[in-house]
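>>> Build me a model:
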Amino acid sequence: MFLEEEFVKTCMLKAAELVGPERQQALASISLSRNTVAEKVGELAGDLNSQLKDNIKSFIAFSIAIDESTDVTDVA
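Here you go, the predicted model:
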């Protein structure tokens with residue numbers, strides 16, 4: 001069975017062998033499970049949202065660009 005997180009971790013460890021062997025142990029301990037990745041993405045989204053809200057306070061003006069998107073059924 002192929003798991004994306006195992007593939008990514010294997011690639012990270014191989015790259016660490018070449019560019020930073022001293023960091024290999026730190027990379028080996030990183031969890032890449034779906035729950036961990038989803039949690040980290042949520043944290044990043046919250047941080048970006050917070051930064052944007054802080055930065056908006058100093059804007060004189062701003063615009064929003066909206067582009068058409070489609071879903072997997074190509075009907076949106």
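>>> what residues does the helix or strand bottoming out on mean pLDDT in the chain touch?
Every helix and strand of the chain was ranked by mean pLDDT, DSSP states H and E. The lowest is helix 24-28, at a mean of 79. Outside helix 24-28, the residues that touch it by CB atoms under 8 Å, 6 or more residues apart in numbering are 9, 12-13, 16-17. Yep, even glycine has a C-beta here, placed from its N, CA and C like the rest.
>>> 6 Å instead?
Helix 24-28 is contacted by residues 12-13, 16 when judged by CB atoms under 6 Å, 6 or more residues apart in numbering.
>>> Figure out how far it is from the centre of its chain.
Taking CA atoms, centre = their mean, to the nearest Å, one finds helix 24-28 lying 19 Å from the centre of the chain it belongs to.
>>> give the contact list for the residue nearest to the spatial centre of the chain.
Per CA atoms, centre = their mean, the C-alpha nearest to the average position across the chain is that of Val41, at 5.4 Å. Listed by CB under 6 Å, 6+ apart, Val41 has no contact partners.
>>> give me the element it is part of.
For Val41, the element it lies in under DSSP states H and E is helix 34-56.
>>> That's all I had, so thanks and see you.
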